[in-house]
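**Student:** Here is a sequence together with a model predicted from it:
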Amino acid sequence: MTAIGFLAPRADVLARRRTIIADLADLLPPEGLVHEPRKLVPFETDGFTAYRRVPLAVALPETTAQVAAVLRYCAKMGVPVVPRGAGTSLSGGAIPQEDAVIIGLSKMNRILDVNFANRTARVQAGATNISISNAVSDAGFFYAPDPSSQLACTIGGNVAMNSGGAHCLKYGVTTNNLLGVTLVTIDGDILELGGEALDSGGLDLVGLVCGSEGQLGIVTEAVVRLIAKPLGARPVMFGFGDAETAGQCVSAIIASGIIPVAIEFMDKPAIEICEAFAKAGYPLDVEALLIVEVEGSDAEMDDQLARIVEIAKNHKVQVVKESQTATEAALIWKGRKSAFGATGRIADYICMDGTVPLSQLSHVLRETSKIVARYGLRVANVFHAGDGNMHPLILYNVNDPAEAEKAEAAGMDILRLCVDAGGCLTGEHGVGIEKRDLMLHQFTQTDLDQQMRVRAAFDGDWLLNPSKVFPLENRPAA
Amino acid sequence: MTVTVQSLADTTGAQHFAPATEADAASIIADLAARGTPVELTGGGTKRGVGRMPNAGATLSSARLTGIVAYQPTEMVLTARAGTPLADIEAELARNGQRLAFEPADWRGLTGTTGEPTIGAVAATNNSGPRRFVAGAARDALLGVRFVNGLGEAVKNGGRVMKNVTGLDLVKLMAGSWGTLGFLTEVTFKVLPVPETEATLVLHGLSDVDAAKAMAAAMATHAEVSGAAHLPELMSAQVLEGALKSDAATLLRLEGLSSSVSVRLAFLQTHFSMHQQSVLDAEQSALLWREIRDVTPLHPLRANDRRPVWRVSMAPDSAVLMVDALRRQAGLAVFYDWQGGLAWLRMEADPEAGALRETMKRFGGGHATLIRADAATRAAVAAFEPQSGPADALQKRIKAAFDPAGIFNPGRMGF
Ligand SMILES: Cc1cc2nc3c(=O)[nH]c(=O)nc-3n(C[C@H](O)[C@H](O)[C@H](O)COP(=O)(O)OP(=O)(O)OC[C@H]3O[C@@H](n4cnc5c(N)ncnc54)[C@H](O)[C@@H]3O)c2cc1C
């Protein structure tokens, strides 16, 4: 695939490559700068593997002060900078460019402080998402946003992408669980934004930084909210004869006043793929499957599940599978959690991420199938139905350039469909390069100009992650 | 550009605009910007006393931008024009068994203002009540906005869906910007079902420090407490028409299905069996939390009571210690919400801004906002937490990115 463009590398930067590398090495600890071509290979792409660019160098700082020194230097020399956490972005957010220095946060991965009385943790940006919950689990707490990539992805990446997860229906996404950040600006200023207090003193800069895709500065530390663990959690699985009814059932559950922790949806192709891989006991004779999870004491869960099962029965549910034991519960989730991995074993895929209003779910599912069929491809749908965040997986063969191009085009059509249905291009994976050129489908140029002016208040020379988010045309002159 | 909307000029010569459409608002603003005329943006005007009043030659009100634009209960999303009275929205939601989970407060009783709170101002002031510390603030429920920037351009950000990371999140920035960045014309909020029932467990007689510990302990359990406030001695007599008596009262609210609330209530009662307790039923509990939300304990006792009231946001375990230290320097009355993380302070004489902010710094920092004071005090004291250094410069650059001529509520937040 070559459809998505990058900014042309700055010739003057490439010409000064050697000097830049020597200067940066002085600012970093030994082993803190990667620049040999062979060692740069792991950094040339992220989870959006169809696109690759080799960076000029990779800086691996160990302190906020080193991050500031590198940024100050890059600003002075006019060198683009691409922040990087674990490189799991599905929108190409962490893909570098030839004239850019990657600043990787992988060495800054410590949990710095935990305060159980205030239910907060201060962590370095390179700490993995799961490491936070692991650190506080024994004390009875957890960090709520749980992207499926949580074993690998970093909290800095989560902040940059405002990542979500299956349990966000109840607990919210990253921005709802973030209290403060240490942000290093391109000028090398170190800003402490937010903190343990809930309200911000001036403008809500923490809210602005969250989801800014590495374009406003580099996050080196984050203060996150911890939540006391529920007594128990229990999923129930429902099979339906058609996707439409499953979609209506989702709306009905939400409207009833019960907010489950998660409502996950799988269509027939996804069920088949996951069942073949995980042997989770999913029914193969249904068209759609819902996994609904509730939390609380046994009595509370019994009550909630009884009400939910009742609603499902009113929606012609064909299969109901409740979990009586932890093993059964884990099995229900196993298929869903391995969905991406299982799909990857049978085909290459690109994962779309649009969100639509709940009332539009079945319409968008139907149209999605039509779009993909038009391109002669297959699609599997597995997604967070409770909040309308769809993840059609478009299956294709990466070694067939024509098919790859079709997959990309089908994906773009699906995203336009989501916007036209009253939704948006991306619910949690970010714009990156992937959806950049569709931004004008969702926004007017005036809307984007306003965003770009705010961006410029942080980085007037457009050095931070410059090829991402905003279409390359019609940018303000630096 | 000509102004197509009639304005009324008052005796001071200030012009008052109340456009009925976003397009009219845009042309008024473009015109004001071209002339460099500062303009005060208002909703119902109930919070005009907060922050330094801009010395404006014009006012621009959302009063005629009213009405719910879209609301489907099954989607749990509501869009309304900015000037729609909050009361209308709450009534419509209640008809469908839903609500704004962040409990927007009504400060009219506290500040002695009149007028009708609007949904746009709820967004613009990030106005959030007791549930904020677990369920999020207005900014967390605000999914999308439309506004007119200082160039007179209509801008959209966010949308109508619950998960949306498309582009920069200007929605969060608009929330709590107090009319310094743009004139909101339309807002979209996520709404939630009203729980089946609620109850409040009251622990009697705890000191502020012990109450902070008890609230933290409650929050560390699986009881899902959705309100945690502490009324020190005497403050407790100011709610529920004195039904709590005057001993200190520490309040823990539970909401949900009735089967669940009773189980969790029993659990908390056992958990705190060492303390003297009582329980408020659903009706009393609702009444009480409304009074906590609206800062009833500090409502003026006589009409001309303008003693300064601060809203102080700190780490929950620090506010009680800060107040204890401050009390040695100045007379004050206080009660706490958000597990102690929100202290409502009434100073008995001077606002003591310097002493307050100094003491806060010693106890880990936070933010103090002056919510009530007489006009002279408001002119002399920084109502919002002063920013300094690069953060201050950045904030001013962001302001300029929305409002290059600097006409919107100049100086209100300190910039
Ligand atoms: C199998 C799989 C499943 C996934 N499931 C989910 C899911 O359920 N929900 C979800 O939301 N996402 C999911 N993702 C996407 C991805 O994991 C998230 O976007 C994640 O937050 C990226 O974190 P990272 O550390 O890998 O960041 P990277 O991919 O390294 O970077 C992501 C973006 O953040 C910027 N960035 C990184 N660190 C910083 C920093 N410290 N300061 C400033 N900017 C920074 C980068 O420049 C880039 O733009 C999934 C990905 C995969 C591969």
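**Tutor:** Received, thanks. Numbers count the residues shown, from 1 in each chain, chains lettered A, B, ... in the order given.

**Student:** which non-adjacent residue is nearest A:G194?
**Tutor:** Distance criterion CB to CB, 6 or more residues apart in numbering or on different chains; nearest residue to A:G194, sequence neighbours excluded, is A:G180 at 3.3 Å. No exception for glycine: its C-beta is placed from N, CA and C like everyone else's.

**Student:** gap between the two ends of stretch A:258-271?
**Tutor:** 26 Å (CA to CA, to the nearest Å).

**Student:** ditto for stretch A:5-12
**Tutor:** Stretch A:5-12: ends 20 Å apart by CA to CA.

**Student:** So which residue is dead centre in the chain?
**Tutor:** Chain wasn't specified; assuming chain A. Nearest residue to the geometric centre of chain A (CA atoms, centre = their mean): A:H429, 3.5 Å.

**Student:** Switch to chain B, please.
**Tutor:** B:N127 (2.4 Å).

**Student:** ok so, going back, mind checking pLDDT for the residue nearest to the centre of chain A?
**Tutor:** At A:H429, the model reports a pLDDT of 97.

**Student:** Just the element for it, please.
**Tutor:** Secondary structure assignment for A:H429, by DSSP states H and E: no helix or strand.

**Student:** dump the residue contacts of it.
**Tutor:** By CB atoms under 8 Å, 6 or more residues apart in numbering or on different chains, the contact list for A:H429 reads A:89-91, A:161, A:351, A:353, B:165.

**Student:** Let me see the ranges of the helices in the stretch 51-200 of chain B.
**Tutor:** B:86-95, B:108-111, B:119-124, B:132-135, B:138-141, B:170-174 (DSSP state H, counting those that start in this stretch).

**Student:** Buried deepest among these, which one?
**Tutor:** Across the helices of the stretch 51-200 of chain B, the average number of neighbours (mean count of other CB atoms under 10 Å in any protein chain shown) peaks for helix B:119-124, which reaches a mean of 29.

**Student:** Show me what residue of chain A gets nearest to chain B.
**Tutor:** A:G207 (2.6 Å; CB to the nearest CB).

**Student:** pLDDT at B:G51, what is it?
**Tutor:** At B:G51, pLDDT is 79.

**Student:** Quick one: neighbours of it, just the number.
**Tutor:** B:G51 has 23 neighbouring residues, counting by other CB atoms under 10 Å in any protein chain shown.

**Student:** cool, A:A25 as well?
**Tutor:** 15.

**Student:** next one: the one 5 residues further on
**Tutor:** One way to gauge burial is a neighbour count; for A:P30, by other CB under 10 Å, it gives 6.

**Student:** any idea how far the residue of chain A closest to chain B is from the ligand?
**Tutor:** 15 Å (CB to the nearest ligand atom, to the nearest Å).

**Student:** again, but for B:L170
**Tutor:** 18 Å.

**Student:** Hmm, that residue is touching A:D449, no?
**Tutor:** No - using CB atoms under 8 Å, B:L170 is not in contact with A:D449, being 11.8 Å away.

**Student:** anything in contact with each of those two?
**Tutor:** Counting by CB under 8 Å, 6+ apart, B:L170 and A:D449 have no contacts in common.

**Student:** so the residue nearest to the centre of chain B touches B:E103, yeah?
**Tutor:** No - at 9.1 Å, B:N127 does not count as touching B:E103 under the criterion of CB under 8 Å.

**Student:** And for A:G354, nearest residue in space, chain neighbours not counted?
**Tutor:** Nearest one to A:G354, counting by CB to CB, 6+ apart, is A:C418 at 3.0 Å.

**Student:** how about the helix or strand containing the one you found: buried residues?
**Tutor:** Here A:C418, judged by DSSP H and E, is contained in helix A:401-420. Within helix A:401-420, the residues that count as buried by 16 or more other CB atoms under 10 Å in any protein chain shown are A:403-404, A:406-419.

**Student:** after that helix, next one along is what?
**Tutor:** helix A:439-442.

**Student:** ranges for the strands of the stretch 101-250 of chain B?
**Tutor:** Under the criterion DSSP state E, counting those that start in this stretch, the stretch 101-250 of chain B contains strands at B:142-148, B:154-158, B:183-190, B:192-193, B:197-204, B:225-231, B:249-256.

**Student:** Can you flag the weakest of those by average pLDDT?
**Tutor:** strand B:192-193 (a mean of 92).

**Student:** Tell me which other helices or strands that one touches.
**Tutor:** strand B:98-99 (3 or more CB pairs under 8 Å, 6 or more residues apart in numbering or on different chains; DSSP states H and E).

**Student:** quick one: the strand it packs on near chain A?
**Tutor:** No - counting by CB under 8 Å from any CB of the partner chain, chain A is not contacted by strand B:98-99; separation bottoms out at 8.5 Å.

**Student:** contacts for that strand?
**Tutor:** Outside strand B:98-99, the residues that touch it by CB under 8 Å, 6+ apart are B:73, B:76, B:90, B:93, B:191-194.

**Student:** re earlier: which one of the strands of the stretch 101-250 of chain B lies closest to A:L305?
**Tutor:** strand B:249-256 (14.6 Å; CB to CB).

**Student:** Please work out which residues outside that closest one touch it.
**Tutor:** Under CB under 8 Å, 6+ apart, the answer for strand B:249-256 is A:300, B:130, B:195-204, B:206, B:211, B:214-215, B:218, B:223-231, B:236, B:261, B:264-265, B:268, B:285, B:288-289, B:292.

**Student:** who does the following helix or strand past it touch, helix- and strand-wise?
**Tutor:** Next helix or strand after strand B:249-256 toward the C-terminus (DSSP H and E): helix B:258-271. Contact partners of helix B:258-271 among helices and strands, from 3+ CB pairs under 8 Å, 6+ apart: helix A:298-313, strand B:197-204, helix B:208-219, strand B:249-256, strand B:276-280.

**Student:** still on that earlier bit, next, the contact list for the closest residue to the residue of chain A closest to chain B other than its chain neighbours, please.
**Tutor:** Spatial nearest neighbour of A:G207, excluding adjacent residues (CB to CB, 6+ apart): B:K172 at 2.6 Å. Each residue near B:K172 by CB under 8 Å, 6+ apart is listed here: A:175, A:204, A:206-208, A:210, B:139, B:142.

**Student:** and if we set it to 7 Å?
**Tutor:** B:K172 makes contact with A:204, A:207-208, B:139, according to CB atoms under 7 Å, 6 or more residues apart in numbering or on different chains.

**Student:** now, the most widely separated pair of those?
**Tutor:** The distance between the two most remote of the contacts of B:K172 (CB to CB) is 10.7 Å, for A:L208 and B:R139.

**Student:** sorry, back to before: right, and the helices and strands packed on helix B:258-271 - which one's nearest the ligand?
**Tutor:** The closest of the helices and strands packed on helix B:258-271 to the ligand is helix A:298-313. By CB to the nearest ligand atom, the value is 23.0 Å.

**Student:** and the closest one, what's its mean pLDDT?
**Tutor:** On average, helix A:298-313 scores 93.

**Student:** Quick check: what element follows it along the chain?
**Tutor:** By DSSP H and E, the next helix or strand past helix A:298-313 is strand A:319-322.

**Student:** Which positions in that next one come out as buried?
**Tutor:** In strand A:319-322, counting by 16+ other CB under 10 Å, buried: A:321-322.
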